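Novice: Just the structure for this:
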Amino acid sequence: MSRKSYLEQACEAVPEFKTVSEQFLRKYTIAGKSESCTRNYLMQISKLVLHFGRSPLDLSQDQLEEYLFYLRQNEPPSMSSFKHLVYGLRTLFRMFKNEELYLSLPRIAQSKTLPAVFSQREMRRILKAPKLLKHRVLFAVIYDCGLRISEVINLKISDVDFDRRQIHIRESKCKKDRYVPFSVHTLRGIKSYVETSNPQEWLFNGKVRGQQISRQGIRHAFRAAIRRTGIEKDVCIHTLRHSYATHLLEMGLDIMSVKNQLGHAEIRTTLMYLHIARSNPQAGFGPMEKLYSYEF
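Specialist: Below you'll find the predicted structure:
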């Protein structure tokens, strides 16, 4: 029997929250927000509801401050839960015109911490580390195309253009589509994987063929690969995307092309990578083209 989600538990514990969460979900979806963003916001709001046994609209400023203080004291350095809660509540209070609670929420300062990235030597070790061909190709696609975890999960076989060596990313963050090039190395890997594993509909199936691979499955496989390499950096699956952007700049791709291939809405988001790498303009390509052309 599967464990109930925080949202399901909160709706059972506080019935009036069911209506609130449904309106939040409906309006956020209509506004074009991503599924993962909506899910994260509702999960953190649901934890707040379970903590007090009350709808967030019925909380006092003192109760809200107490819970936010608790999160700041117990949250890991990334503060992701704290941020998701504040952003979610900000939307919720604005949606239900609760100006008093809206104004009591703290401002979230933009982080100036640069992300960890893999060296090119480390990337070659990571791409060879998985025991299963499926996981080797999975990491190659994420790295060679700079994909977010949600993008690779939602990738269908029909989204891969084998002739033009492009992947069609559909309705990703901010509901935007884009095409991303990939290398001949990834092309060979995908073809071999599809022929031997015979995935159905989704490029990467989960334990049940025909169903999408899960976030947990991807993260578990990635952690296992990192353990095999002996790399001790503080990394996650998203580090492959950071490494993709950094390596493209180091290999000579211009910043605007990197922005477009990453699917960033604002160039200022991409400029972060200039603090890690320098670039010289060239035409677009996937980083594995040069990853395997270098001698170490």
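
Novice: Show me where the stretch 51-200 of the chain has its helices.
Specialist: For the stretch 51-200 of the chain, applying DSSP state H, counting those that start in this stretch gives helices covering 61-74, 80-95, 99-104, 120-128, 133-145, 149-153, 184-197.

Novice: can you tell which of those is closest to residue 275?
Specialist: Of all these, helix 120-128 sits nearest to residue 275, with 18.3 Å by C-beta to C-beta. In this view, the C-beta of every residue, glycine as well, is placed from N, C-alpha and C.

Novice: Name the residues of that closest one that come out as buried.
Specialist: Of all the residues in helix 120-128, those buried under the rule 16 or more other C-beta atoms under 10 Å are 120, 122-127.

Novice: Give me the helices and strands touching that helix, please.
Specialist: helix 133-145, helix 215-229, helix 239-250, helix 288-291 (3 or more C-beta pairs under 8 Å, 6 or more residues apart in numbering; DSSP states H and E).

Novice: same question for the first one, mean pLDDT?
Specialist: Confidence over helix 133-145 (mean pLDDT, whole number) is 98.

Novice: now it and helix 120-128, what's the angle there?
Specialist: Relative orientation of helix 133-145 versus helix 120-128 (axes from the mean of the first three to the mean of the last three C-alpha atoms, to 10 degrees): 150 degrees.

Novice: Output helix 133-145 as CSV - backbone C-alpha positions only.
Specialist: The C-alpha coordinates for helix 133-145 follow below in CSV (Å, rounded to 0.1, in the frame of the first residue of the first chain):
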residue,chain,number,x,y,z
LEU,A,133,23.5,0.6,-20.5
LYS,A,134,20.2,2.4,-19.8
HIS,A,135,21.8,4.4,-17.0
ARG,A,136,24.9,5.2,-19.1
VAL,A,137,22.7,6.5,-21.9
LEU,A,138,20.5,8.3,-19.4
PHE,A,139,23.4,10.3,-18.0
ALA,A,140,24.8,10.9,-21.5
VAL,A,141,21.5,12.4,-22.7
ILE,A,142,21.2,14.6,-19.6
TYR,A,143,24.7,15.9,-19.9
ASP,A,144,25.0,16.1,-23.7
CYS,A,145,21.7,18.1,-23.9
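
Novice: residues in contact with it?
Specialist: 123, 126-128, 130, 147, 149, 152, 155, 167, 169, 180-183, 185-186, 189-190, 192-193, 196-197, 203-204, 213, 218, 221-222, 225, 237, 240-241, 243-244, 261, 286-288 (C-beta atoms under 8 Å, 6 or more residues apart in numbering).

Novice: go on, the shortest one?
Specialist: If you take C-beta under 8 Å, 6+ apart as the criterion, helix 288-291 is touched by 120, 123-124, 140, 143-144, 182-186, 247, 251.

Novice: try 10 Å this time
Specialist: 120-121, 123-124, 127, 140, 143-145, 181-187, 189, 244, 247-248, 250-252 (C-beta atoms under 10 Å, 6 or more residues apart in numbering).
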